[in-house]
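K.L.:
Sharing a sequence plus its predicted fold:
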Amino acid sequence: ARRPVTRRRPPPERVTPAVRQLLAALGDVPVVVLGRYRDVLAWNTAGHALFAGHLAPDAPERTGQRPNLARLVFLDPHTRELYADWPAKARAVVATLRMASGRHPDDPGLATLVGELSLHSTEFAAWWADQRVKAGGDAVYEMRHPLVGAMTVTHQALLTEDDQHVVVATTEPGSASHAAMTLLTHTTATARRESPARG
């Protein structure tokens, strides 16, 4: 008789020093580092402000309790409202998870995430069953930020050797979106610098 195959979860993902340097070097440009399950492994101050300002700044440092982009997009009202064309963003997340499942077909963590999202989101379940969903390259989204209003933001994902995605968010120089992004990053950075003094 064959022994059942035990599928072990890979060890917790970590961000390399080189990627941390990239986060620091990009400064006021919003950056988020995503793992194989779309867990948020790291973000800079601007990335936190743009994508998840309603969460604690140190949330990615809590291994086992990290925010997950797929869960946020499908199950978090704040993130859902952040995208004017939410279905486009949601379908992109589904496509990315599908690609990850192709690269890691026996990963129990990924299977658990897909099962959870299928159970709690009818949209996810329908789009996951749609084999035509494909991942694209750079994506442009109309984001409705609660602090600075509407912005047209380009999301560019860079794949690292560790199969992590470094998502960089940019706006067109000189545009109203660029001005709004600058206001957001400066306001957030100032508030973070002042918060320890208030404590």
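P.N.:
Done, it's in.
K.L.:
what helix or strand is residue 158 on?
P.N.:
Assigned by DSSP states H and E, residue 158 falls within strand 149-159.
K.L.:
center of this structure, which residue is that?
P.N.:
residue 69 (4.2 Å; Cα atoms, centre = their mean).
K.L.:
Show me the strands in this structure, by range?
P.N.:
31-34, 40-43, 139-145, 149-159, 165-170 (DSSP state E).
K.L.:
which residues does residue 182 contact?
P.N.:
residue 28 (Cβ atoms under 8 Å, 6 or more residues apart in numbering). Every residue, glycine included, has its C-beta placed from N, CA and C.
K.L.:
ok, it to residue 44 distance?
P.N.:
15 Å (Cβ to Cβ, to the nearest Å).
K.L.:
rewinding a little: and for the closest residue to the residue nearest to the centre of the chain other than its chain neighbours, the neighbour number?
P.N.:
Spatial nearest neighbour of residue 69, excluding adjacent residues (Cβ to Cβ, 6 or more residues apart in numbering): residue 38 at 4.2 Å. Neighbour count of residue 38, defined by other Cβ atoms under 10 Å: 22.
K.L.:
What of residue 60?
P.N.:
24.
K.L.:
Please verify my assumption that it contacts residue 68.
P.N.:
No. Applying Cβ atoms under 8 Å, one finds residue 60 not in contact with residue 68, separated by 10.5 Å.
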